[in-house]
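J.: pasting the structure only:
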């Protein structure tokens with residue numbers, strides 16, 4: 001059941017991490033992207049407006065109109081192409097930043113897990129050493145007269161440790 005429902009602590013840290021990344025993107029990433037898109041849109045709108053004015057003037061002049069109209073269409077297509085390329089580049093940069101941030105967070109989490117694992121192993125080793133010292137201390141304190149008495153004492157102490 002634990003595989004389907006994460007623990008509250010894990011859910012809290014995952015949510016906190018998500019909110020931190022979202023805040024960073026909201027604060028620094030999205031304004032830059034929207035400003036760049038707005039500037040590009042204004043540039044395109046301005047270019048389209050200029051092309052429209054040129055079309056109105058060209059309607060009055062038949063002979064020159066055809067060549068100027070063709071030129072305006074070519075410029076419009078070029079501007080739209082550049083806008084599409086710029087938009088794609090901006091989106092790709094944002095995606096790369098998000099991927100890099102996600103990879104960094106994943107690496108940080110792996111490093112933290114590895115540190116906790118090492119700490120747990122060190123703690124277990126410390127406990128085993130403490131138990132060994134306690135057993136040796138009890139063996140040395142007891143006045144044992146024979147090998148059988150020593151073996152009985154060791155077995156009894158190991159049974160006590162196993163029971164705990």
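T.: Arrived safely. Please read all numbers here as calculations on a predicted model, not as lab measurements. Numbering: from 1, shown residues only.
J.: low pLDDT regions in the protein?
T.: For the chain, residues meeting the criterion pLDDT under 70 lie at 1-3, 62, 65, 69, 139-146, 164.
J.: show me where it has helices.
T.: Remark: helices of the chain, listed N- to C-terminal, are 8-24, 30-60, 62-141, 147-163; assignment by DSSP state H.
J.: Let me have those helices in CSV, extended by mean neighbour count.
T.: In short, each C-beta sits where N, CA and C put it, glycine included. Listed next are the helices of the chain as CSV, based on neighbours: other Cβ atoms under 10 Å:
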stretch, mean neighbour count
helix 8-24, 11
helix 30-60, 12
helix 62-141, 12
helix 147-163, 11
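J.: Which residue lies nearest the spatial centre of the protein?
T.: Geometric centre of the chain, nearest residue: residue 102, 2.0 Å, by Cα atoms, centre = their mean.
J.: ok, that residue - contacts?
T.: Residue 102 makes contact with residue 21, according to Cβ atoms under 8 Å, 6 or more residues apart in numbering.
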